[in-house]
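J.: predicted coordinates and the sequence they were generated for:
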Amino acid sequence: MGVQLPGPDLCPGGAVAAGSRRGRGRARVGPGAGRPVCDAQRRSGLRSLSADPYFDPFWSRLNEAGASVAYHIGEFWYNEHIAPAWGLDPEPVFFEMSAWQWQHCWGERPIQETLSALVFGNLFGRFPNIHVVVSEFGAEWVPHFVRHMDKSRGMGRRGPWLGGKLKDRPSVVFQNHIRVCPYPEDDVVKIVTDLGQSDSIVMGSDFPHGEGMANPAEFADLLEALPEDDRDKILRRNALVLVGRA
């Protein structure tokens, strides 16, 4: 079950109520949760359901429920606000977007900004029972992203820390709390090798969507070069963490 965040007038109290009604399960918030959701939020300048303490009542309920939050690819803020700066249509027809828009407005940039906001905002330090799964973004970006977060933590050590300073390296936080579904065309063996761990990678099966295969069992063939323990994590155990059965 999931928590779907509706309409632009939703405040944290409404999100809390929605989360409470649905109880233990999965919360769907997505990068597309990033519009101003109430007058107080508009005044504060916040634009997304982030790790800002403003949203702690919502995250607290998910933490109590041991819920997993699912981020699925989708259109939101980036075409409207970023594309015009490069002379592109802010409201393109989905399959008529430019290559630049596919590259920067519909994929890796939105999810990287979203996840780094959660990690750097110390969301998981304050709410350790929350896990995140990232679907239909692929996973080849993950190793560089994680290394870059570790570097950025050091670069920003004298800056503000929204939810308090991190006790662990961002790469450790990511490994413990975030799971990403690779595309079948991704080199999963290389991803795991570059990451140095397989806890962050989980098989996705949503055919005919991007991360799915017509015969899901064939995904195992992509992992043949990995040790058995890594294969079992990606195919089974990492998913069990997300549903609270590990």
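T.: Sure, I can see it.
J.: need the contact list for the residue of the chain most remote from its centre.
T.: Distance from the C-alpha centroid of the chain peaks at Gly87, with 28.7 Å (CA atoms, centre = their mean). Applying CB atoms under 8 Å, 6 or more residues apart in numbering to Gly87 gives no contacts. For the C-beta atoms, the positions are set from N, CA and C on the backbone; glycine is no exception.
J.: again, 10 Å this time
T.: By CB atoms under 10 Å, 6 or more residues apart in numbering, the contact list for Gly87 reads Ser98, Trp100.
J.: do Ala83 as well
T.: Neighbouring residues of Ala83 by CB under 10 Å, 6+ apart: Asp89, Pro90, Glu91, Pro92, Met97, Ser98, Trp100, Gln101, His104, Cys105.
J.: likewise Asp187?
T.: Here Asp187 is in contact with Ala139, Glu140, Thr193, Asp194, Leu222, Ala225 (CB under 10 Å, 6+ apart).
J.: of those, buried ones?
T.: Ala139, Glu140, Leu222 (16 or more other CB atoms under 10 Å).
J.: quick check, nearest of those to Pro216?
T.: Leu222 (11.5 Å; CB to CB).
J.: how close does the nearest residue to the closest one once chain neighbours are set aside get to Asp150?
T.: Nearest-residue entry for Leu222: Val188, 5.2 Å, with adjacent residues in sequence omitted and distances by CB to CB, 6 or more residues apart in numbering. Between Val188 and Asp150 the distance is 22 Å, computed by CB to CB, to the nearest Å.
J.: understood, closing this out.
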